[in-house]
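Novice: With the input below, show me the fold.
(one chain, ligands or ions: 1)
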Amino acid sequence: MSSRHSATKATKKTSKRTKAAKKRPTTKRSVKKAAKPPATKKPPVVDTGESDTKRKARAGKILDQLKRSYGPATCALSHTSALELLVATILSAQSTDENVNRITPELFAKYPDAAAYANATVDELENDIRSSGFFRQKTKSIRGACRMIVDEFGGQVPDSMDDLLRLPGVARKTANVILGTWFGRNDGVVVDTHVGRLSQRMSLTWRSKNDKDAVKIERDLMEMIPRDDWTYFAHAMILHGRQVCLARKPRCASCSVATLCPSAVEDDD
Ligand code: SF4
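Specialist: So this is what the prediction gives:
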């Protein structure tokens, strides 16, 4: 094929594309995409340049203030056993505690022990937890974890970090929730979306690159918060993240730890 012929063909193709582009209607979606996102007042994450000692002292004051603000904060997921807490925590991923608490009364009555979950059919369990979202993956995790609990732990949820982490679908966050909330053991700090975000804003983490870096955030918090308070601290931070330090628009003007937070913004209208 001659180069002239190729050039003509290419020109025709380009012209066809241009015409198609001109004809393409402007959909609502494309308008939305082009529009600027609504203005929010997310505070910037501030590098305080503090020494470890000063940061630790400030973290202690934040903890004291959270205790004054929230009193005995605890896990919001309804449960009466370690197994129920395990199942509820798995269900809470990408869902709200309120939604999980709506599903679990019927679920817990239907599946009284680990064997009941392990022996449930995929279809049935998927159907029972569908409204929590991501129900296929959650069904896989619950059935897998319960199968191992039956086969290797005599039907009882294990009470050590190493054993919990062996259960399918259980990572450090879930293990920390169970150990801290049910077994009363402070083996780590729960780092969920709220704890991650607030730790960044309050500059209580220096190893993490962003609020999704849960493992590094947890390590930093464990160095700064007294061990006896690890579980409490996470529960109080979760409450503070839900009620005051909201993801899109933190309410700094009414925040009880504003004087200790380097990301505080003055006006939160
Ligand atoms: S002052 Fe309070 S609400 Fe504002 S960013 Fe800091 S912790 Fe969040």
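
Novice: Now do the contacts for the closest residue to H194 other than its chain neighbours.
Specialist: The shortest distance from H194 to any non-neighbouring residue, by CB to CB, 6 or more residues apart in numbering, is to G241 (2.9 Å). (C-beta placed from N, C-alpha, C; glycine too.) G241 is in contact with T193, H194, V195, R197, L198, A247, counting by CB atoms under 8 Å, 6 or more residues apart in numbering.

Novice: hang on, the fourth one packs against D211?
Specialist: Just to be clear, that refers to R197. Yes. Counting by CB atoms under 8 Å, R197 does reach D211; the two are 4.6 Å apart.

Novice: follow-up on the earlier one: tell me the two of the contacts of G241 that are most distant?
Specialist: V195 and A247 (12.4 Å; CB to CB).

Novice: So which of these two has more stuff around it?
Specialist: V195 (27 against 14; other CB atoms under 10 Å).

Novice: The strand or helix carrying L239 and the ligand, are they touching?
Specialist: Per DSSP states H and E: L239 is located in helix 230-243. No. Between helix 230-243 and the ligand, judged by CB under 6 Å from any ligand atom, nothing touches; the nearest distance is 6.8 Å.

Novice: What mean pLDDT does that helix get?
Specialist: Per-region confidence: helix 230-243 scores 97 on mean pLDDT.

Novice: quick revisit: in TSV: the contacts of G241, plus distance to Q156.
Specialist: Below are the contacts of G241 laid out as TSV (distance: CB to CB, whole Å):
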residue	distance to Q156
T193	30
H194	30
V195	28
R197	34
L198	34
A247	37
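
Novice: Can you flag which of those residues belong to helices?
Specialist: Applying DSSP state H to those, the entries found in helices are T193, H194, V195, R197, L198.

Novice: Next, count neighbours for the last one.
Specialist: It refers to L198. With other CB under 10 Å as criterion, L198 counts 26.

Novice: what's the answer for N119, then?
Specialist: 13.

Novice: How about the secondary structure of E126?
Specialist: Judged by DSSP: H, G, I helix; E, B strand; the rest coil, the three-state class of E126 is helix.

Novice: Could you tell me which residues of the protein lie near the ligand?
Specialist: Residues of the chain lying near the ligand (CB under 6 Å from any ligand atom): 43, 198, 201-202, 244-245, 250-252, 255, 257-258, 261, 263-264.
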